[in-house]
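A.B. asks: Sequence first, then the predicted structure:
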Amino acid sequence: MGKNIADFGFSQLTSTMPFAAITKEIEAEYAIPISEEDLAASSMLNHAQRSAFNKIMQKINANVPAAFFIDGPGGTGKSFLYKALLATVRSRGDIALATATSGAAASILPGGRTAHSRFKIPLQQEINSTCNISKQSAISKLVQLARLIIWNEAAMAKKYAIESFDRLLKDLLNSDSIFGGKVIVFGGDFRQTLPVVRKRQREDYISASLVNSYLWPHLEKIRLTENMRARLDPSFSDFLLKIGDGTEPTILDNKIKLPSSMLIPFIDDTTSLNLLINTVYPSLFDFLTSSSAVANRAILSTTNETVQEVNQILIQRFPGQETRYLSFDQTLDPTKQADHGDFLNSIQPPGLPPHELILKPMCPVILLRNLNPAQGLCNGTRLICLNFDKNIIHAEISVGIHIGKHVFIPRIPLHSSNDESYPIPFKRTQFPISLCFAMTINKSQGQTLDFVGIYLKEPVFSHGQLYVALSRARTSANVKILLRSVTVHSTETSYTRNIVYHEILAAAADT
Ligand SMILES: Nc1ncnc2c1ncn2[C@@H]1O[C@H](COP(=O)(O)OP(=O)(O)OP(=O)(O)O)[C@@H](O)[C@H]1O
């Protein structure tokens, strides 16, 4: 599974520290495995990655304040660079904290946690919101010891979250310097999806973005440009960049034309969806023998409804005996239970597992909560189910550094979010997982997949979605898209909407 700091002869560090400082969090950081692959990454960097690596390591070595933003289109090796930095710093016996905006992006980094859970950043941020960490806390000690803090997918974070992180570090470290004088590496790509905002208005996305923060001018920008994911298919790489930059010409009704080689022909809804499913998953029996090969395939779609539609079809076709788990849904106000119980069973609020969870041995699922980040169980971790008990599911992690690890998933109470479209506050007791033959485009951000199906029953509805979906694959031959025909004229089935907020890209390019 790899080495940890102790294997590099630094175990004495913990024994020379004051006892009070040897907190659970610090021990957990020292126990993070350092894989041979990540250690070797620093010798495999391309020219721009190497220059970034050297610049950042120089600040760490000199122990001087620095705040960077690694800016690069999808696939240019931002995560690869973070892994090289984390492995290098950790192998010297130092602490490097790995965080990301989303659980899925955090799960890609060894020891990764969401920045919100690591720094107790309030989920509903306002201007001047503060993190809930005292100077005497374990996390405060961890921050003081950290030589490097990485925040991946920062373009997806609300500026107020990053501003409250800045205030937290200044407070914990008694410093007026930006981020308390630590070496901080943010990274992301403003071509990809932006922070989730309630009203989904263009101006709300723009004002919530880090590029509109007082911090943005203080971050030293480092640009990566070579698409390492799609380097074997340069014309695909160029096409992706045009989609991301919004420079692919719009032809019909403000839509772009997709290459016919990437399209699943539209015949009718059912036939074409079947074609897409059979192309992405030609043999579901393969799951029974090779969990990792098939775990790297997925159908991506825009909404939870279309994702569920595909997952339900696939679990029915999946071989094996099904186990059915029904959730127990309770209104927070017990007097409302009788009126709303059945209704709650019928709804599927974002972020909650379904009321009816149908699973089979070896089927792929995704975790919806941070259960135990140190053990690889983050919101976004993908798993393969093994055995089912009444209140526990035995599963195996199928991607990332904890791949192959056997884990147990408990049934737990989960609260609905404060979403206006679901006005009755309630809790659902269910396993915090959902099937992941299909997942939302937003959940796939940060992942490299062997084969990607894109199901656009409705066109994309926000900035960067089409780009994120397309850029998960390494070659154009490994992407198939199904566009639903809105009219009977089948010629229109090769056109789709691409939403790009040029003002965000312009602000991000302006250093
Ligand atoms: N220097 C390198 N040598 C070999 N492979 C590399 C190198 N840099 C990146 N890669 C590979 O290219 C793929 C994309 O890299 P990575 O996931 O780090 O990109 P990214 O910029 O983080 O992408 P995204 O923005 O989509 O999350 C990965 O499979 C990674 O292992």
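C.D. replies: Received it, and whenever you're ready, just let me know what you need.

A.B. asks: ok, residue 311 touching residue 434?
C.D. replies: Yes: with contact defined as Cβ atoms under 8 Å, residue 311 and residue 434 form a contacting pair (7.2 Å). For every residue, glycine as well, the C-beta is placed using N, CA and C.

A.B. asks: Flag the shaky bits of the stretch 201-350 of the chain, pLDDT-wise.
C.D. replies: Along the stretch 201-350 of the chain, segments meeting pLDDT under 70 span 252-253, 291-294, 338, 341.

A.B. asks: how about the residues of the chain that lie near the ligand?
C.D. replies: Applying Cβ under 6 Å from any ligand atom, we find that the chain lies next to the ligand at 44-46, 49, 72, 74-80, 189, 228-229, 446, 448, 471.

A.B. asks: out of the residues you listed, which are buried?
C.D. replies: 45-46, 49, 72, 74-80, 189, 228-229, 446, 448, 471 (16 or more other Cβ atoms under 10 Å).

A.B. asks: Return the set of buried residues in stretch 136-153.
C.D. replies: Quick answer for stretch 136-153 (16+ other Cβ under 10 Å): 138-143, 145-153.

A.B. asks: Where strands are concerned, which of those count?
C.D. replies: Residues of the buried residues of stretch 136-153 located in strands (DSSP state E): 146, 147, 148, 149, 150, 151, 152.

A.B. asks: for the third one, what are its contacts?
C.D. replies: The contact partners of residue 148, by Cβ atoms under 8 Å, 6 or more residues apart in numbering, come to 56, 60, 85, 86, 89, 94, 96, 97, 182, 183, 184, 185.

A.B. asks: For it, give the beta-bridge partners.
C.D. replies: Beta-bridge partners of residue 148, counted by DSSP bridges, are residue 96.

A.B. asks: swap in the last one?
C.D. replies: Using DSSP bridges, the bridge partners assigned to residue 152 are residue 100.

A.B. asks: Show me which residues of stretch 392-407 are buried.
C.D. replies: 393, 395, 396, 397, 398, 399, 400, 401, 402, 405, 407.

A.B. asks: and these as a markdown table, adding pLDDT, secondary structure and distance to residue 427?
C.D. replies: Formatted as a markdown table, those follow (pLDDT from 0 to 100; DSSP: H, G, I helix; E, B strand; the rest coil; distance: Cβ to Cβ, whole Å):
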| residue | pLDDT | secondary structure | distance to residue 427 |
| --- | --- | --- | --- |
| 393 | 97 | strand | 19 |
| 395 | 96 | strand | 23 |
| 396 | 94 | strand | 28 |
| 397 | 92 | strand | 27 |
| 398 | 89 | coil | 28 |
| 399 | 82 | coil | 29 |
| 400 | 78 | coil | 29 |
| 401 | 76 | coil | 32 |
| 402 | 84 | coil | 28 |
| 405 | 92 | coil | 29 |
| 407 | 96 | strand | 23 |
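
A.B. asks: ok, residue 440 touching residue 308?
C.D. replies: No: using Cβ under 8 Å, residue 440 is not in contact with residue 308, being 10.3 Å away.

A.B. asks: burial count for residue 233?
C.D. replies: For residue 233, the neighbour count with other Cβ atoms under 10 Å is 18.

A.B. asks: Which strands or helices does the biggest helix by length in the chain pack on?
C.D. replies: Across the chain, the longest stretch assigned as helix under DSSP state H is helix 47-62. Applying 3 or more Cβ pairs under 8 Å, 6 or more residues apart in numbering; DSSP states H and E, one finds that helix 47-62 contacts strand 66-71, helix 78-91, strand 146-152, strand 183-188, strand 220-223.

A.B. asks: what is the mean pLDDT for that helix?
C.D. replies: Across helix 47-62, the average pLDDT comes to 98.

A.B. asks: what angle sits between it and helix 78-91?
C.D. replies: Angle of helix 47-62 versus helix 78-91, following axes from the mean of the first three to the mean of the last three Cα atoms, to 10 degrees, is 30 degrees.

A.B. asks: could we number from 27 for the rest of this?
C.D. replies: Okay, using 27 as the starting number, the last item reads as helix 73-88.

A.B. asks: In helix 73-88, which residues are buried?
C.D. replies: For helix 73-88, by 16+ other Cβ under 10 Å, it's 74, 75, 78, 79, 82, 83, 85, 86.

A.B. asks: Not counting its neighbours along the chain, what's nearest the third one?
C.D. replies: Same thing as residue 78. Leaving aside its sequence neighbours, residue 78 sits nearest to residue 248 (Cβ to Cβ, 6 or more residues apart in numbering; 4.6 Å).

A.B. asks: ok, now which ones touch that neighbour?
C.D. replies: By Cβ under 8 Å, 6+ apart, the contact set of residue 248 is 74, 77, 78, 81, 94, 95, 96, 97.

A.B. asks: Identify the bridge partners of it.
C.D. replies: With DSSP bridges as the rule, residue 248 is bridged to residue 96.

A.B. asks: Quick check: it vs residue 180, distance?
C.D. replies: Separation of residue 248 from residue 180 (Cβ to Cβ, to the nearest Å): 13 Å.

A.B. asks: Then residue 383?
C.D. replies: On the measure of Cβ to Cβ, residue 383 and residue 180 end up 33 Å apart.

A.B. asks: Neighbour count: the two, which is higher?
C.D. replies: Neighbour totals were compared for residue 383 and residue 180, and residue 180 leads with 29 against 20 (other Cβ under 10 Å).

A.B. asks: That one: what's it in contact with?
C.D. replies: Counted by Cβ under 8 Å, 6+ apart, residue 180 has contacts 95, 127, 188, 212, 213, 214, 236.

A.B. asks: Determine which two of those residues are furthest apart.
C.D. replies: Using Cβ to Cβ, these span at most 13.4 Å, a distance reached by 95 and 127.

A.B. asks: Between these two, which contacts overlap?
C.D. replies: Joint contacts of residue 95 and residue 127 (Cβ under 8 Å, 6+ apart) are 180, 214.
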